[in-house]
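K.L.:
got a structure for you, letters missing:
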């Protein structure tokens, strides 16, 4: 990490910026998908969200747990648990000045694996599609973390 | 992103730093609010947290789900799902060298929208106050993501 | 923050990079621990995960809530809620050019407190072990946030 200020101008950093933005937007789409399911299936978590209903009984019916909404929420949570580490470690990795081809390979593998993960989860595809895409993304992050710690360890 | 190293010294970066810190502190306050509700209402999620109770029966009563605690937790989760994308995309956006006034406008709109969101959620204000503040914040993040991808796309 | 580009080359930034990577890896281990408990205890959240079972009845039994899995999940959630603010504020703090010894002290206190928090949570150690480690980590983050806002406030 001797010349970090040069690294931040590099193509590796531009690639990180692009892939990090894409995978973050993908994660945000799950917020919209949750909202879509909540509105179309009329399933809410808060009493104040049920103002479209007329009677109190109808309102109470709208406060429930729906399997489709919960599925999207679990997918979203898994995204948070995996994309946050990718962003943190990927940013530090990009600053260690890795080879461009290697770096882009890591970013692509991660982003593609997370897109596969979302598709597998939301459509409930048979396993091990979801498990494999989860492990692949995690492996890409671990590989970058190894480079960060082996290049610049300062305890 | 030709001269990123200059950008990181800029007023845009200072503004990002300030607003990102403020909105992160706001998110952390929800942790404290959850703790406050758990302690004052004596609602816990773990058996080891109930040591203040004397009998085993009292302890079991403390392990329950409380609507106020759950409301704060949902608000906190929504913060995580929205503030994390803002931080990631906002940081990359600040490095693309945007116009200072435009950048500060984006940061302000986002931070104010999240403060409104928290107030609407915790006080259970009538809709669409919460929905509008959520959409406003998301729109600010999408707008910054558009600039990041259109300024520096490297796939 | 006058000379940020110098700061990013500094030992403070290297230290941040190291501690941020370690605490992020620690958080990722909780994903693996959840997966381990789900597989060994045969507790799943999705119907497609139960393909190892033969009868439909066995499959339905596998879809349940297990206290050990939920405990790890709560610990993971608490990590997300605390480590994300540390990374964001810690990165901005490292760029304010703090004294090396002070900065390393902050990073060490935070990382050690989160490791203690995880051990206390997963092993269900008696309180206040978990509460104290949670408060200690939060205090380290607040202290860094104070420095960020007092060094470089730009509203």
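P.N.:
Now that the structure is in, tell me what you want to look at. Remember, it's a predicted structure, so these values are computed and weren't measured experimentally.

K.L.:
So the spatially most central residue of chain A, which state does it fall into?
P.N.:
Geometric centre of chain A, nearest residue: residue A:79, 3.3 Å, by CA atoms, centre = their mean. Going by DSSP: H, G, I helix; E, B strand; the rest coil, the secondary structure assigned to residue A:79 is helix.

K.L.:
and residue A:101, how many neighbours does it have?
P.N.:
Residues lying near residue A:101 (other CB atoms under 10 Å in any protein chain shown) number 9. Just so you know, the C-beta spots here come from the backbone N, C-alpha and C atoms, and that holds for glycine as well.

K.L.:
Can you tell me whether I have it right that it is in a strand?
P.N.:
No: read with three-state DSSP, residue A:101 is helix and lies in no strand.

K.L.:
quick one: which helix or strand includes the residue of chain A found nearest chain B?
P.N.:
Nearest to chain B in chain A, going by CB to the nearest CB, is residue A:14, at a distance of 3.9 Å. Assigned by DSSP states H and E, residue A:14 belongs to helix A:11-41.

K.L.:
How far does the very next helix or strand once past that helix sit from its chain's centre?
P.N.:
Next helix or strand after helix A:11-41 toward the C-terminus (DSSP H and E): helix A:56-62. With CA atoms, centre = their mean, to the nearest Å as the basis, helix A:56-62 stands 34 Å off its chain's centre.

K.L.:
can you pull the buried residues of helix A:56-62?
P.N.:
Within helix A:56-62, the residues scored as buried using 16 or more other CB atoms under 10 Å in any protein chain shown are A:59, A:62.

K.L.:
contacting residues around that helix?
P.N.:
Contacting residues not belonging to helix A:56-62 are listed as A:42, A:43, A:44, A:47, A:49, A:50, A:53 [CB atoms under 8 Å, 6 or more residues apart in numbering or on different chains].

K.L.:
what does stretch A:21-36 give?
P.N.:
Under CB under 8 Å, 6+ apart, the answer for stretch A:21-36 is A:69, A:72-73, A:75-76, A:79-80, A:83, A:86-87, A:110-111, A:114-115, A:118, A:122, B:81-82, B:84-85, B:88-89, B:92, B:138, B:141-142, B:145, B:148-149.

K.L.:
Make a PyMOL selection of the buried ones in those residues.
P.N.:
The PyMOL selection below is limited to those of the contacts of stretch A:21-36 classed as buried (16+ other CB under 10 Å):
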select buried, (chain A and resi 69+72+73+75+76+79+80+83+86+87+110+111+114+118) or (chain B and resi 81+82+84+85+88+89+92+138+141+145+148+149)
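
K.L.:
Counting only strands, which of the contacts of stretch A:21-36 make the cut?
P.N.:
The strands, defined by DSSP state E, take in nothing from those.

K.L.:
Which ones among the contacts of stretch A:21-36 lie within helices?
P.N.:
Counted as lying in helices by DSSP state H, out of these, are A:69, A:72-73, A:75-76, A:79-80, A:83, A:86-87, A:110-111, A:114-115, A:118, A:122, B:81-82, B:84-85, B:88-89, B:92, B:138, B:141-142, B:145, B:148-149.

K.L.:
Next, the residue in chain A positioned nearest to chain C: phi, psi?
P.N.:
Taking CB to the nearest CB as the measure, chain A has residue A:154 as its residue closest to chain C, at 4.0 Å. For residue A:154, the backbone dihedrals (degrees, to the nearest 10) come out as phi -140, psi 90.

K.L.:
how about it, what does it touch?
P.N.:
For residue A:154, the contacting residues are C:11, C:14, C:15, C:17, C:18, by CB under 8 Å, 6+ apart.

K.L.:
Make TSV out of these and add neighbour count and pLDDT.
P.N.:
Output for these, formatted as TSV (neighbours: other CB atoms under 10 Å in any protein chain shown; pLDDT from 0 to 100):
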residue	neighbour count	pLDDT
C:11	12	87
C:14	22	91
C:15	22	93
C:17	28	93
C:18	20	94
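
K.L.:
For these, give me CSV that also has distance to chain A.
P.N.:
As requested, the contacts of residue A:154 are arranged in CSV below (distance: CB to the nearest CB, whole Å):
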residue, distance to chain A
C:11, 6
C:14, 4
C:15, 5
C:17, 5
C:18, 5
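
K.L.:
was I right about residue A:43 contacting residue A:37?
P.N.:
Yes: counting by CB atoms under 8 Å, residue A:37 is a contact partner of residue A:43 at 7.1 Å.

K.L.:
what's the overlap in contacts for the two?
P.N.:
By CB under 8 Å, 6+ apart, the residues touching both residue A:43 and residue A:37 are A:66, A:69.

K.L.:
what does chain A put close to chain B?
P.N.:
Contact residues, chain A versus chain B (CB under 8 Å from any CB of the partner chain): A:5-6, A:8-9, A:11, A:13-15, A:17-22, A:24-25, A:27-28, A:31, A:45-49, A:51, A:76, A:80, A:84, A:87.

K.L.:
just to revisit the earlier point, which pLDDT value goes with the closest residue to the residue nearest to the centre of chain A other than its chain neighbours?
P.N.:
Of all residues not flanking residue A:79 in the chain, residue A:27 sits nearest, at 4.5 Å (CB to CB, 6 or more residues apart in numbering or on different chains). As predicted, residue A:27 sits at a pLDDT of 95.

K.L.:
what does residue A:2 give?
P.N.:
43.

K.L.:
Low-confidence ranges, chain A, go.
P.N.:
Within chain A, the segments meeting pLDDT under 70 span A:1-9.

K.L.:
Residue A:68 and residue A:40 touch, don't they?
P.N.:
No: here residue A:68 does not reach residue A:40: they are 9.6 Å apart, not a contact under CB under 8 Å.

K.L.:
Between these two, point out the one with more neighbours.
P.N.:
Higher neighbour count among residue A:68 and residue A:40: residue A:68, with 16 against 9, using other CB under 10 Å.

K.L.:
check contacts around the more buried one.
P.N.:
Counting by CB under 8 Å, 6+ apart, residue A:68 has contacts A:37, A:41.

K.L.:
ok, now how distant is it from residue C:61?
P.N.:
Distance from residue A:68 to residue C:61, counting by CB to CB, to the nearest Å: 22 Å.

K.L.:
Could you do residue A:57 as well?
P.N.:
Where residue C:61 is concerned, residue A:57 sits at a distance of 34 Å (CB to CB).

K.L.:
now what about stretch A:87-94, what contacts it?
P.N.:
Defining contact as CB under 8 Å, 6+ apart, one finds that stretch A:87-94 is touched by A:7, A:10, A:12-13, A:15-16, A:19-20, A:24, A:103, A:106-107, A:110, A:141, A:144-145, A:147-148, B:88, C:17, C:20-21, C:24, C:87.

K.L.:
just to revisit the earlier point, what's the closest non-adjacent residue to the residue of chain A closest to chain B?
P.N.:
Closest residue in space to residue A:14, ignoring its immediate chain neighbours: residue B:154 at 3.9 Å, by CB to CB, 6+ apart.

K.L.:
Residue B:44 versus the one you found, what's the distance?
P.N.:
In terms of CB to CB, residue B:154 sits 49 Å off from residue B:44.

K.L.:
for residue A:46, same thing?
P.N.:
Taking CB to CB as the measure, residue A:46 falls 23 Å from residue B:44.
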